[in-house]
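Chemist: Attaching a predicted model along with its sequence, questions to come.
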Amino acid sequence: MLLTCKVKAENIVRLDYFSEHKEFEADLLLIDDEHPQIDALIDYCKQFNKKYVLILRDMVTDKPIKTVLPEGSHILNKPLTQDQFSYKLASLFGASNDCIIAPPKGLEEEQVEPDLSAYHVLLVDDNMINIEVAKAILKRTKVKITCASDGVEALEALRENEEQAFDVILMDCQMPNLNGYDTTSEIRNSKAGVDYTYIPIIAMTASAMEGDRERCLAAGMNDYITKPIKPETLKDKLITWLS
């Protein structure tokens, strides 16, 4: 369910420096995990029994929380969408039925992650940030991931991997040496071995211009994801093609 009621601006207080606010009234405290005074803020919440604390964490770094959190604390990963935040507020404060609508698919709180531990993904991208984002998104699915920085490395990985066959390929389109379109053509022409001629290939591209999807499909790719990658979109695409 989603909260559709609006929070008035005058009911929001920004605490840039906690030392200037020894006391404050609040029903909810929203803290970034990198806040320099996070320990003092947490201690304050424990001391005065502040009911709700939301900790914002960077999803990519996947670092442990710096301190012991009080009862009633919740973790939200960044980047945080408006829908996710609205849903969390609704679930915490028990919004009335007049303020609640059904959530979009994949937004349910405490969603059970799919178990993809039996599958092997070849992730092809020349940008290390994109690779780390994708790995962080898929970490809890337990899927096995092998990375390649361009099409040449991807073809070598397909030819040489003997431990566990790949089940799907996540293919960046714009890469040096051999781009995603040409790499896909090579795979479809059995240049990586006949076993991979029909492997599902999901394109990943930063371009959302008209005709890009058609170009991907014409090159032999099966599906299409635009960057920045949305966690639920990536997982849904993998589940679709792995099943």
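Modeler: Thanks, I have it. Numbers count the residues shown, from 1 in each chain.
Chemist: Make sure I have this right: residue 129 is in a helix.
Modeler: Yes: assessed with DSSP: H, G, I helix; E, B strand; the rest coil, residue 129 lies in a helix.
Chemist: And for it, the neighbour number?
Modeler: 10 (other CB atoms under 10 Å). Heads up, the C-betas are built off the backbone N, CA and C, glycines and all.
Chemist: Now do the SS call for residue 30.
Modeler: Three-state call for residue 30 (three-state DSSP): strand.
Chemist: Bridged to it, which residues?
Modeler: residue 54 (DSSP bridges).
Chemist: Next one, pLDDT for it please.
Modeler: Confidence at residue 30, expressed as pLDDT, is 73.
Chemist: Which parts of the protein belong to which domain?
Modeler: Domains of the chain are assigned by automatic domain parsing as 2-101, 120-242.
Chemist: per-stretch mean pLDDT over those, give me the minimum one.
Modeler: Ranked on mean pLDDT, the bottom entry among the domains of the chain is domain 2-101, at a mean of 60.
Chemist: And the residue lying closest to residue 197 once chain neighbours are set aside, how far from residue 136?
Modeler: Closest residue to residue 197 apart from its sequence neighbours, by CB to CB, 6 or more residues apart in numbering: residue 190 at 4.9 Å. According to CB to CB, to the nearest Å, residue 190 stands 34 Å off from residue 136.
Chemist: For the two, indicate the residue with more neighbours.
Modeler: A direct count of neighbours by other CB under 10 Å for residue 190 and residue 136 places residue 136 higher, at 16 against 12.
Chemist: what about the more buried one, helix or strand, and which?
Modeler: Residue 136 is part of helix 128-138 when elements are defined by DSSP states H and E.
Chemist: buried set for that helix?
Modeler: Buried residues in helix 128-138, defined by neighbour count with 16 or more other CB atoms under 10 Å: 130-138.
Chemist: same check, this time on stretch 164-171
Modeler: For stretch 164-171, using 16+ other CB under 10 Å, the buried residues are 166-171.
Chemist: residues in contact with that stretch?
Modeler: For stretch 164-171, contacts defined as CB atoms under 8 Å, 6 or more residues apart in numbering pick out 119-125, 134, 144, 146, 154, 157-158, 180, 183-184, 187, 195-196, 199-204, 221, 225, 238, 241-242.
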